[in-house]
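Q: Mind folding the following:
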Amino acid sequence: MRVVLACFVLFLTACELKPIADPALDADDLNAQVDVQTVPDGVAEVLGCAYACPASQVCAGTECVAKACTADVECNDNSVTDEAQHYCFHGACAGYQCAADADCASPQKCNTLTFLCYTPATGCTYDAMCADNDACTNDTCDKTTGACKYALAAGCCKVDGDCGGGSACVVASCKAGQCDWQSKANCCQANSDCADGNACTSDTCAGGKCTNATVPGCCQNAGQCDDNDDSSVDSCTKNQCIHQWIGLATTCASAGDCPGNSCLAGSCLGGQCSYVPKAGTGCCSSNDACMVNKACQIDACVAHVCQHTLATGAGTHVWWHFDTSMDGWIADMAHPTAYFHKTGLIYVSGGGALRFGIPDQVSFETGNANKGAATSPVFSVPASPSQLKGWIYLDVEPGTAVHLAGIDLIVGGITTPLWSKLKDLGGSTTGQTWKPFAVDLSPWAGQSAQVKVWFDQVKYDTSNKAKMGFVLDELEVVGPCP
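A: Presented below is the predicted three-dimensional model:
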């Protein structure tokens, strides 16, 4: 027998030595060679197959089919004649599964080369199969599930929600497929964004908005500590307001060094005593709260406690405050609309004053000429030297052609002028401000008297709709005290 070199290709080129039948051999010898499968792979033309069959298959007619087997080792042996229902599969002897698709459970099919059932591939098997021609998606294939996945590319969007929710200070939106982020004006993200440089504010950021709340009791200068109490000394120390009163301790090492009094509670702040008012009977915040109008008695608010002491030398005998009432004064009501009354629109102190005008209106115009007067209760003029003093606010037309005003004293039925617009102001006004006045009562010492205040609109004038009129406050009769 002669040996020749034959080369055939099954995916990869295979070249093997192949025995060729010798012409001298008879037909039985040749058939024996074929039956025992001594022809190596690559001699397809001898068996009729279009290509050489691998070791695990045999050529049946013109096709390579699974080789029957009884053991794994036989799947690499060319001499197998067993016809049991086992077939070579990937170098192993596998059991029979199918002969046709109908033998497999749907959706499986039968591999007629291996006679085993298999599940056909579904969905994608590589990324390119998922291409959607959308520049805003990253197209990938999940090879485990066969599902295509389309993730948005960075910066791309279809709706506002694709750009995230933004933040308290950023508005996120989708514009023409691209995410757009716009910052909100005057918006904060942290407390530090709200710092205003003021040690007396608590700076916080909530919901993108700054809040600079004032810290109670904090200060930067003494002006911020004014407690509207003329008897206190107010200062600012280390951003803390200090309120002190004459007669009370000023320095301290602890709160016990600042006992205060029945109306003031003390505390120690940075080595200084500071006091705040307490509620209680007899406590006050101004001298007016302590007034009892007792002759020659000084009524004062000292460290928030009312104190009453006898006056020596000159002192007040009668004091009309007009804070809560007319204090016994009687208005003549010559005109039903504009007249003398107790007002809270304007005053020097205490919350009230005596005024000629229309109640609760900054005007004394009634549409025609009008006038009015008010008379005090009877009082005894102190010994000489004595005075009537107080405050005047005259907001009328200047000159004498339109408005006149004055203060008289009535003793024994005789009226004597004490003060007048013409004599004491030269016909002018007080310039929309309070001015003090004082007149001598000594000539009437020891006599019973009354004070009369009056206003006279000589003729009607339309230019006084926003004028306060004639106002008096804190009228006092003063003189020697025992």
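
Q: where does the stretch 1-150 of the chain dip in pLDDT?
A: Applying pLDDT under 70 to the stretch 1-150 of the chain flags residues 1-47, 54-56, 64-66, 76-92, 94-97.

Q: for residue 192, phi and psi?
A: With angles defined as degrees, to the nearest 10, residue 192 sits at phi -60, psi -20.

Q: That one and residue 205, how far apart?
A: Distance, residue 192 to residue 205, by C-beta to C-beta, to the nearest Å: 8 Å. To be clear about C-beta, it is placed using only N, CA and C from the backbone, and glycine gets the same treatment.

Q: Looking at those two, which is more packed in?
A: Neighbours per residue, other C-beta atoms under 10 Å: of residue 192 and residue 205, the larger number sits with residue 205, 18 against 9.

Q: For that one, give me its contacts.
A: Contacts for residue 205 (C-beta atoms under 8 Å, 6 or more residues apart in numbering) come out as 188-191, 193-194, 211.

Q: which residue sits closest to residue 167, ignoring its sequence neighbours?
A: Sequence neighbours aside, residue 189 is the residue nearest to residue 167 in space, at 7.0 Å (criterion: C-beta to C-beta, 6 or more residues apart in numbering).

Q: Surely residue 257 touches residue 251?
A: Yes: counting by C-beta atoms under 8 Å, residue 251 is a contact partner of residue 257 at 7.4 Å.

Q: what's the overlap in contacts for these two?
A: Common neighbours of residue 257 and residue 251 (C-beta under 8 Å, 6+ apart) are residue 273.

Q: These two - which one has more neighbours?
A: residue 257 (14 against 11).

Q: phi, psi of that one?
A: Reported as degrees, to the nearest 10, the phi and psi values for residue 257 are phi -80, psi 0.

Q: since we're on residue 338, how many residues are nearby?
A: By the criterion of other C-beta under 10 Å, residue 338 has 23 neighbours.

Q: re earlier: what distance do you get for the residue nearest to residue 167 to residue 169?
A: Counting by C-beta to C-beta, the gap from residue 189 to residue 169 is 5 Å.

Q: hey, what's in contact with both of the two?
A: Counting by C-beta under 8 Å, 6+ apart, the residues touching both residue 189 and residue 169 are residue 208.

Q: So which of these two has more stuff around it?
A: Shown here are residue 189 and residue 169; by other C-beta under 10 Å, residue 169 has more neighbours (16 against 13).

Q: My read is that that one contacts residue 185, right?
A: No: assessed by C-beta under 8 Å, residue 169 is found out of contact with residue 185, at 9.3 Å.

Q: Taking the contacts of residue 205, please make a ChimeraX selection of just the buried ones.
A: Of the contacts of residue 205, the buried ones go into a single ChimeraX selection, burial set by 16 or more other C-beta atoms under 10 Å:
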select :188,194
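
Q: Make CSV out of the contacts of residue 205 and add secondary structure, distance to residue 240 and pLDDT.
A: CSV is the format used below for the contacts of residue 205 (DSSP: H, G, I helix; E, B strand; the rest coil; distance: C-beta to C-beta, whole Å; pLDDT from 0 to 100):
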residue, secondary structure, distance to residue 240, pLDDT
188, coil, 28, 88
189, coil, 32, 84
190, coil, 28, 88
191, helix, 23, 90
193, helix, 27, 87
194, helix, 23, 90
211, strand, 22, 91
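
Q: As CSV, the contacts of residue 205 with distance to residue 241 would be great.
A: Conversion of these to CSV gives the following (distance: C-beta to C-beta, whole Å):
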residue, distance to residue 241
188, 29
189, 34
190, 30
191, 25
193, 29
194, 24
211, 22
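
Q: Farthest pair within the contacts of residue 205?
A: With C-beta to C-beta as the measure, no two of the contacts of residue 205 lie farther apart than 189 and 211, at 14.1 Å.
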